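Participant: Only the shape, not the letters, is given here:
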Ligand SMILES: *[C@@H]1O[C@H](CO)[C@@H](O)[C@H](O)[C@H]1NC(C)=O
Ligand SMILES: *[C@@H]1O[C@H](CO)[C@@H](O)[C@H](O)[C@H]1NC(C)=O
Ligand SMILES: *[C@@H]1O[C@H](CO)[C@@H](O)[C@H](O)[C@H]1NC(C)=O
């Protein structure tokens, strides 16, 4: 409602040439940088410290934690416009398939919908088939639009994968169709929820390659972890899967032909334990292979610390192994 009012006010102000400009910027649509290959940064381990300069300044899409954005309302505006004339897209990481016990809204979550814990963290897979769980997560999504997120990076929608290994890791025996139905329901809600720009909130697919072809016409982007595989680590445990998302950036499998950005995170083994020394072997593997063969042509790639912490450090592939490192300033956690 608030957004519609703003939109109407902007239009009126433009048409009638009001003497004073409206208080809210009249940015109706997504900026033109929103397309496959756009440079991005993801920082979800700690809130971005916006009292420092925003680095890298040429990252035009930012993916930050929803709770950090909620607790620090100044972060999203600063990331959207870190300098004059820059209009960035901000995605908010929302855990929709699991819940962590320290999250602010955890006390309101139905406790009997908590499943098994995720790799022994205090993070529990939830029963995504329950209407009250769907409603709980819908409230997170609506709130994300209210605080200025342009899209939702919806994590942990691959519970089916855990369960299809023959072991019920989530505690809910989730199937692919459970997840597809859940994502459809949340994405539909997002698309009916206007953002500050007056356009629908976007909904992203996180990993879950087996259902990529089911979701390509439903979601607005994808965020992938380790789609290139692990360069020889853990053989047989994790397969490469970038090609499953190649159709996202070409638009060929979408009913409307729209080309969707795919944001790729790789965690090279040489960046283990907070190391910033990417080895030449990892550089060759993650940065210098033939993208047509890897299946990640047109993806937006950033290398992050192997711990999967997604802190402020990152590296973008360039022509030399030591080039492209950045550190976004973060607040202490
Ligand atoms: C999951 O499946 C297993 C094996 O079929 C069954 O024993 C268990 O009760 C199921 N769990 C749920 C929550 O349905
Ligand atoms: C597009 O969809 C078709 C039919 O499902 C599938 O065979 C093809 O591999 C898809 N293309 C890509 C690039 O994923
Ligand atoms: C990359 O691989 C494709 C498909 O195998 C091939 O057609 C192309 O020539 C290769 N590009 C380079 C630069 O080697």
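Facilitator: Now that the structure is in, tell me what you want to look at. Bear in mind that the values here come from a model prediction, so they are computed numbers and not experimental data. Ligands and ions are numbered 1, 2, ... in the order given.
Participant: can you list the domain ranges for the protein.
Facilitator: Taking automatic domain parsing as the reference, the chain has its domains at 1-30, 35-327.
Participant: Please, where are all the strands along the stretch 1-150 of the chain?
Facilitator: Taking DSSP state E, counting those that start in this stretch as the test, the strands found in the stretch 1-150 of the chain are 40-43, 61-65, 89-95, 98-100, 114-117, 123-126.
Participant: how about the domains of the chain in CSV, adding mean pLDDT, mean neighbour count and distance to residue 333?
Facilitator: For glycine as for every other residue, the C-beta is placed from the backbone atoms N, C-alpha and C. Listed next are the domains of the chain as CSV, based on pLDDT from 0 to 100; neighbours: other C-beta atoms under 10 Å; distance: least, C-beta to C-beta, whole Å:
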stretch, mean pLDDT, mean neighbour count, distance to residue 333
domain 1-30, 44, 12, 31
domain 35-327, 95, 18, 4
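Participant: closest to ligand 3 out of those?
Facilitator: Ligand 3 sits nearest to domain 35-327 of all these, at 3.6 Å, using C-beta to the nearest ligand atom.
Participant: near ligand 1, anything from that closest one?
Facilitator: Yes. Against ligand 1, domain 35-327 shows contacts by C-beta under 6 Å from any ligand atom at 168, 172-173.
Participant: mind checking how far residue 227 is from ligand 1?
Facilitator: Distance of residue 227 to ligand 1, given as C-beta to the nearest ligand atom, to the nearest Å: 29 Å.
Participant: can you check residue 312 too?
Facilitator: 39 Å.
Participant: Quick check: that residue touching residue 327?
Facilitator: Yes. In this structure residue 312 lies within contact range of residue 327 using C-beta atoms under 8 Å: 5.2 Å.
Participant: May I have the secondary structure class of the residue of the chain found nearest ligand 1?
Facilitator: Among the residues of the chain, residue 173 lies nearest to ligand 1; the distance is 3.8 Å by C-beta to the nearest ligand atom. With DSSP: H, G, I helix; E, B strand; the rest coil as the basis, residue 173 sits in coil.
Participant: Mutual contacts of residue 312 and residue 327, please.
Facilitator: Common neighbours of residue 312 and residue 327, using C-beta atoms under 8 Å, 6 or more residues apart in numbering, do not exist here.
Participant: If we ignore the residues flanking it in sequence, what's nearest residue 291?
Facilitator: residue 297 (4.3 Å; C-beta to C-beta, 6 or more residues apart in numbering).
Participant: Now do the residue lying closest to residue 58 once chain neighbours are set aside against residue 85, distance only.
Facilitator: Spatial nearest neighbour of residue 58, excluding adjacent residues (C-beta to C-beta, 6+ apart): residue 39 at 5.7 Å. Per C-beta to C-beta, to the nearest Å, residue 39 is found 17 Å from residue 85.
Participant: Serialize the strands of the stretch 1-150 of the chain to JSON lines and add fields for distance to ligand 3.
Facilitator: As requested, these are arranged in JSON lines below (distance: least, C-beta to the nearest ligand atom, whole Å):
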{"stretch": "strand 40-43", "distance to ligand 3": "24"}
{"stretch": "strand 61-65", "distance to ligand 3": "27"}
{"stretch": "strand 89-95", "distance to ligand 3": "30"}
{"stretch": "strand 98-100", "distance to ligand 3": "38"}
{"stretch": "strand 114-117", "distance to ligand 3": "42"}
{"stretch": "strand 123-126", "distance to ligand 3": "39"}
